[in-house]
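*Asks:* Sharing a sequence plus its predicted fold:
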Amino acid sequence: MLKNVPVSNDPCGRYVYSIPNPNNENQYVTRADWIVSPNHMIFGRYFLTDFDNPSVYQATCSPRLARGFKSARNLSFWAMNQLSGPRW
């Protein structure tokens, strides 16, 4: 069985490894402006993020290893109505 273990390049025999971490993140930002009149303007902003981090292990090999963070979606919307000039 030890013949399948890679030989270490470290003088102390230490072998450093990591678990694969495939992830993907997308971000989208949009802004819209609408000038109703010279004194009245409306604008808004939309922000969306998607994050996906699938497990590299199948549930059939070990349910504990297959658990983990799968995906998340965050979004926000912000709008503002701005008036300028005299207000009566």
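*Replies:* Done, it's in.
*Asks:* May I ask which helix or strand of this structure has the lowest mean pLDDT?
*Replies:* One helix or strand of the chain scores below all others by mean pLDDT, DSSP states H and E: helix 63-66, with a mean of 58.
*Asks:* Can you name every helix or strand that the very next helix or strand once past it contacts?
*Replies:* With elements assigned by DSSP states H and E, the helix or strand that comes after helix 63-66 is strand 71-83. Contacts defined by 3 or more CB pairs under 8 Å, 6 or more residues apart in numbering; DSSP states H and E place strand 71-83 against strand 40-52. All C-beta atoms are positioned from the backbone trio N, CA, C, and that covers glycine.
*Asks:* Okay, now the sheet partners of the strand it packs on, with direction.
*Replies:* In the sheet, strand 40-52 lines up against strand 24-37 (antiparallel), strand 71-83 (antiparallel) (DSSP bridges).
*Asks:* center of this protein, which residue is that?
*Replies:* The C-alpha lying nearest the average C-alpha coordinate of the chain belongs to residue 51 (CA atoms, centre = their mean; 3.2 Å).
*Asks:* Can you tell me how far that residue is from residue 71?
*Replies:* Remark: distance between residue 51 and residue 71 (CB to CB, to the nearest Å) = 6 Å.
*Asks:* still on that earlier bit, pretty sure the residue nearest to the centre of the chain sits against residue 23.
*Replies:* Yes: with contact defined as CB atoms under 8 Å, residue 51 counts as touching residue 23 (7.1 Å).
*Asks:* for the protein, which spans come out with low pLDDT?
*Replies:* The chain contains residues with pLDDT under 70 at 55-70, 84-88.
*Asks:* ok, how many other residues are close to residue 43?
*Replies:* Around residue 43 there are 14 other residues, counting by other CB atoms under 10 Å.
*Asks:* who touches it in this structure?
*Replies:* 31, 32, 33, 34, 79, 80, 82 (CB atoms under 8 Å, 6 or more residues apart in numbering).
*Asks:* The residue lying closest to the fifth one once chain neighbours are set aside and residue 24: what is the separation?
*Replies:* By that I understand residue 79. Excluding the flanking residues, the one nearest residue 79 by CB to CB, 6 or more residues apart in numbering is residue 44, at 3.8 Å. Distance of residue 44 to residue 24, given as CB to CB: 27 Å.
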